[in-house]
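J.: Give the three-dimensional model of this entry:
(one chain, ligands or ions: 3)
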Amino acid sequence: MDRILAFYDEVDAEQVILNRRMEDAFDEALRSRQFEVWYQPKYSVDGFSLVGAEALIRWRTPEGYLSPGKFIPLFEKNGMISKLDEYVFAEVCRQQKQWEAEGRKLVPVSVNISRASLYYENIVEKYQNILKEYQLNPEYIQLEITESATIDNSNISHLSSDFHDAGFWLLLDDFGNGYSSLAALNVMHFDTLKLDKSLIDYIGDKNGETLLYHVTKLAQNLGLLVTAEGVETKEQVTFLQEVECNDIQGYYFSKPLPLRDYEKLLSA
Ligand code: C2E
Ligand code: MG
Ligand code: MG
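T.: Ligands and ions are numbered 1, 2, ... in the order given. Below is the predicted model:
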């Protein structure tokens, strides 16, 4: 028993030290552009057209890239996430404007907003000001908010109308993951529903497919577009075509790409 406790203590101590190192490195990492925005393409369900991309953060360190799962939960806890979310938003605005100036054909890029960032005062005004600064049309930048963020935030429905007034398109991220709640569709007005990978993994199972069919139709009847996330196989793509899901994001078409690789997809 003592040995088990000692083992857990060691693991905890290691994590505490790692967390402390990441917190200490945060400001400098932000300043020296160690946080890189990668882009994962989204395709129309027929696979023929590039319809958008999702911006996903990576932390470039001397030891290699850290994935968001390693640092986002910490930054959500200590509040640093709002700075990071704002940075990603501004980076994508800047980049989209640059591609526009180069004469490339733009597609909308969605950025993630953490629930913790939503509590931040004046977030809508802040993001609107960044758009203005870069003189970017809001149709080129969309906002992904996770389902869990729509729970227990009484301001959330105001936020969605404020975001809409500012011209933003809102995506309900991770639908079907964990605490799935149909109420999320009612509390806040979204424009696109993103089916979580855990639902997509049901494809091949009869009941799972019935569920997916009805969730897709429910969302579409409520006026939302439906994007499937985490799509990895041909079988999944075929099923999603049958149920007339709108768009697909997943390794089957493309993994998240570093800037220069994604850029090649945007024809000049
Ligand atoms: P998410 O927003 O749901 O993003 C989708 C995640 O699924 C990404 O993981 C993506 O690489 C992964 N994915 C996409 N297609 C497939 C597939 O076919 N198979 C598999 N196995 N995975 C797939 P990633 O990049 O590790 O990001 C994880 C999460 O971290 C994101 O989930 C998002 O919640 C969060 N995140 C990433 N960037 C940001 C950011 O700038 N701000 C905030 N607040 N959160 C972020
Ligand atoms: Mg997302
Ligand atoms: Mg997601």
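J.: Going by C-alpha atoms from here, please, whenever you check contacts or count neighbours.
T.: Fine.
J.: Val124 against Phe163, yeah?
T.: Yes. At 6.0 Å, Val124 counts as touching Phe163 under the criterion of CA atoms under 8 Å.
J.: From the contact counts, what lies against the helix or strand hosting Lys194?
T.: Following DSSP states H and E, one finds Lys194 within strand 192-195. Helices and strands touching strand 192-195, by 3 or more CA pairs under 8 Å, 6 or more residues apart in numbering; DSSP states H and E, are strand 169-175, strand 225-229.
J.: Next, report how far that strand is displaced from the centre of its chain.
T.: 11 Å (CA atoms, centre = their mean, to the nearest Å).
J.: swap in stretch 239-248?
T.: 20 Å.
J.: wait, does it contact ligand 1?
T.: No. Stretch 239-248 stays clear of ligand 1 (CA under 6 Å from any ligand atom), getting no nearer than 9.2 Å.
J.: What average pLDDT does that stretch get?
T.: Mean per-residue pLDDT for stretch 239-248: 98.
J.: ok, and what's touching it?
T.: 42-47, 51, 203, 213, 216, 225-229, 231, 237 (CA atoms under 8 Å, 6 or more residues apart in numbering).
J.: near ligand 1, which residues of the stretch 51-200 of the chain show up?
T.: So the stretch 51-200 of the chain meets ligand 1 at 56-57, 67-69, 85, 88, 112-114, 174 (CA under 6 Å from any ligand atom).
J.: hmm, stretch 95-114 in reach of ligand 3?
T.: No. Residues of stretch 95-114 are not located near ligand 3 by CA under 5 Å from the ion, the shortest gap being 9.0 Å.
J.: For that stretch, what is the distance to the chain centroid?
T.: Using CA atoms, centre = their mean, the offset of stretch 95-114 from its chain centre is 15 Å.
J.: Compute the first-to-last residue distance for it.
T.: Across stretch 95-114, the terminal residues are separated by 21 Å (CA to CA, to the nearest Å).
J.: Equivalent analysis for stretch 242-249, please.
T.: End-to-end distance (CA to CA), stretch 242-249: 16 Å.
J.: Measure how far that stretch is from the centre of its chain, please.
T.: 18 Å.
J.: and the residue of the stretch 151-268 of the chain nearest ligand 3?
T.: Asp174 (4.1 Å; CA to the ion).
J.: got a list of what that residue touches?
T.: The contact partners of Asp174, by CA under 8 Å, 6+ apart, come to 146-147, 194-197.
J.: Show me which helix runs longest in this structure.
T.: The longest helix of the chain (DSSP state H) is helix 2-31.
J.: Same question for it: list its buried residues.
T.: 19, 22-23, 26, 29 (16 or more other CA atoms under 10 Å).
J.: could you give the angle of whichever helix or strand Leu212 is part of to strand 225-229?
T.: Assessed by DSSP H and E, Leu212 sits inside helix 206-221. Between helix 206-221 and strand 225-229, the angle comes out at 140 degrees (axes from the mean of the first three to the mean of the last three CA atoms, to 10 degrees).
J.: Buried residues, helix 206-221. List them.
T.: For helix 206-221, by 16+ other CA under 10 Å, it's 209, 212-213, 215-217, 219-220.
J.: Can you confirm whether the strand holding Lys194 lies near ligand 3?
T.: No. Counting by CA under 5 Å from the ion, ligand 3 has no neighbours in strand 192-195; the shortest distance is 6.6 Å.
J.: Paired strands for that strand, with orientation please.
T.: strand 169-175 (parallel), strand 225-229 (parallel) (DSSP bridges).
J.: re the thing from before, in a markdown table: the buried residues of helix 2-31, plus pLDDT and distance to Glu133.
T.: Output for those, formatted as a markdown table (pLDDT from 0 to 100; distance: CA to CA, whole Å):
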| residue | pLDDT | distance to Glu133 |
| --- | --- | --- |
| Asn19 | 94 | 34 |
| Met22 | 96 | 30 |
| Glu23 | 96 | 29 |
| Phe26 | 97 | 25 |
| Ala29 | 97 | 23 |
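J.: Identify the residues contacting the most centrally placed residue in the chain.
T.: Nearest to the mean C-alpha position of the chain, by CA atoms, centre = their mean, lies Asn112 at 3.9 Å. Each residue near Asn112 by CA under 8 Å, 6+ apart is listed here: 55-56, 85, 143-145.
J.: do Glu54 as well
T.: Taking CA under 8 Å, 6+ apart as the test, what Glu54 contacts is 39-42, 109-111.
J.: Before I go, just wanted to say thanks for your time.
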